[in-house]
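Peer 1: Structural data only, the sequence is not supplied:
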């Protein structure tokens, strides 16, 4: 009986340690650090590293230079400026863009074709016949501040297509592949209706969507947390920088708060 109790205690302690470890930022990575420091990044983008912590975020997700990486909805190309030099000559980078394309990626490819030209542009969510990431080929799928867009029906006339988006991300990953998600975090005790209007989304909602698609939750990092963000602003998350939806109204106040409080979640395709 005594040996059984000792075994239970050891197992419990091991689980506790594993749980703590899963919630810690990953160690520094030289290849990622070099990509973050790449001189090809725009000064306006590097100025936002203080809020977005790209080196720590990508290290937490375990991105490697030789990976096939998919960036879902790269927008203006903020992370693309880091992922392109990181994977150049070693891995493959897909830019999975909405049906109306991505002016940010197009501009990067036109400006510096040697660096950004190899990026493979596909559609997401991909309809029948559209170019897409081939099933079972990606090592890592990353999306930054986009799950709330799918939940709000952005690009789909208000239709929530987040479940469909997660199914397509699951399909494109290899077995054992990683899904990395960062998004504006809505407190768990907030009204569910706020997910369709504020730009914030609950961690529990993201986990539910991911796990329903077949993903296993690996862990979370607080590297992009911001305790000063109360997530209850008059114009939603867009009240804060970099959007400043209220323009000059209380601008200094919102600048002092900084960018939003964000979840950083890691999932695995079993």
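Peer 2: Alright, I've got the coordinates. Owing to the predicted nature of the structure, the values given are computational and were not obtained by experimental measurement.

Peer 1: which ones are touching residue 233?
Peer 2: 239-240, 254 (CB atoms under 8 Å, 6 or more residues apart in numbering). (Each C-beta comes from the backbone N, C-alpha and C, glycine too.)

Peer 1: now swap in residue 180 and tell me
Peer 2: By CB under 8 Å, 6+ apart, the neighbours of residue 180 are 57, 60-61, 63, 140-143, 264-267.

Peer 1: before we move on, what SS does it have?
Peer 2: Of the three states, residue 180 takes strand under DSSP: H, G, I helix; E, B strand; the rest coil.

Peer 1: In the sheet, which residues pair with it? Tell me.
Peer 2: residue 142, residue 266 (DSSP bridges).

Peer 1: Repeat that for the one 4 residues further on.
Peer 2: On DSSP bridges, the residues paired with residue 184 through beta bridges are residue 262.

Peer 1: I figured it hits residue 146, correct?
Peer 2: No: Residue 184 is beyond contact range of residue 146, at 10.2 Å (criterion: CB atoms under 8 Å).

Peer 1: just the strands in the stretch 151-270 of the chain please.
Peer 2: Counting by DSSP state E, counting those that start in this stretch, the stretch 151-270 of the chain has strands at residues 173-184, 216-221, 262-268.

Peer 1: With distance to residue 67 as extra columns, can I get the contacts of residue 233 in TSV?
Peer 2: Listed next are these as TSV, based on distance: CB to CB, whole Å:
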residue	distance to residue 67
239	36
240	32
254	36
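
Peer 1: quick one: which of the residues you listed is most hemmed in?
Peer 2: Neighbour counts for the contacts of residue 233, by other CB atoms under 10 Å, peak at residue 240, which reaches 27 neighbours.

Peer 1: so what pLDDT did it get?
Peer 2: At residue 240, the pLDDT value in this model is 98.

Peer 1: That one contacts residue 229, doesn't it?
Peer 2: Yes: with contact defined as CB under 8 Å, residue 240 counts as touching residue 229 (6.8 Å).
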